[in-house]
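Visitor: Compute the structure for the input listed below.
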Amino acid sequence: MSDDTDALRTCGLRATSPRLAVLGALGLRPHVDADTIAGLVRHNLGTIAPQTVYNVLGALVAAGLVRRIEPAGSSALYERRVGDNHHHIACRSCGAVADVDCAVGRRPCLTPADVHGYVLDEAEVTFWGICPNCQPLVRRPDQAADTSSGPGPGDGGPS
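Guide: As a prediction, the model looks like this:
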C-alpha cells in the first residue's frame, strides 16, 4: 500500500484514483492552481471533470492533507506541505511561489499587538519580491538608474 493510500485512509477518506492522482500531482508540482492540477491529473488518468478536481482538493484540504494558500491577486494555490509553520515568498513578476520557514519556529511565529480575545494558532505571511529568474528582466525599486551605459559625448548623446 502506498503512503498516499495510507494517508487518505488515516483521514477517513477512500483511496480513489482521482484523490491519489491529485496527491501525486501535488507531489510533483507544489504551489499550483486547480487548473494546473487538473491538467497533470488528466495526463495520468485520461479524462476528469474540473469539478471533480475541485471536489477532491476540497476534501484533501478539509482532511488536512493539502494546504490551500491565496496570495493576493492570484488564484488559490495548493501544496502538500502541511502541519508545520511555514510561510511563502511570491514573485511580483511571474507569480512563482516558494516556501519560507518560520523565523521563530513555533506557532504562531508572529505576535500581534492585540489579539482581541482570540486564541492564536497560526500566522500566515506572504513575502513579496522578484525571483532570481525575473530579476534580470525587471528593475527593482531599490535600483538606481544606471547612467554608465547610456549615450555620452560622441555617441549621439548631449555633450
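
Visitor: When you work out contacts or count neighbours from here on, use the C-alpha atoms and nothing else.
Guide: OK.

Visitor: and the chain, what are its domains?
Guide: Using automatic domain parsing, the domain ranges for the chain come out as 1-83, 84-139.

Visitor: Kindly report which one of those carries the lowest mean pLDDT.
Guide: The stretch with the lowest mean pLDDT among the domains of the chain is domain 84-139, at a mean of 84.

Visitor: Can you give me the pLDDT of residue 153?
Guide: According to the per-residue confidence, residue 153 scores 40 in pLDDT.

Visitor: sorry, back to before: kindly present the domains of the chain as TSV, with separate columns for mean neighbour count.
Guide: Formatted as TSV, the entries for those read as follows, by neighbours: other C-alpha atoms under 10 Å:
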stretch	mean neighbour count
domain 1-83	16
domain 84-139	14
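
Visitor: contacts for stretch 91-100?
Guide: Contacts of stretch 91-100 with the rest of the structure, by C-alpha atoms under 8 Å, 6 or more residues apart in numbering, involve 31, 74, 86-90, 128-131, 134, 138.

Visitor: correction: stretch 50-63
Guide: Contact with stretch 50-63 is made by 11, 18, 19, 22, 34, 35, 37, 38, 66, 67, 68, as judged by C-alpha under 8 Å, 6+ apart.

Visitor: so who does the residue nearest to the spatial centre of the chain touch?
Guide: With the centre of the chain defined as its mean C-alpha position, the nearest residue by C-alpha atoms, centre = their mean is residue 31, 3.3 Å away. Going by C-alpha under 8 Å, 6+ apart, residue 31 touches 77, 78, 79, 97, 98.
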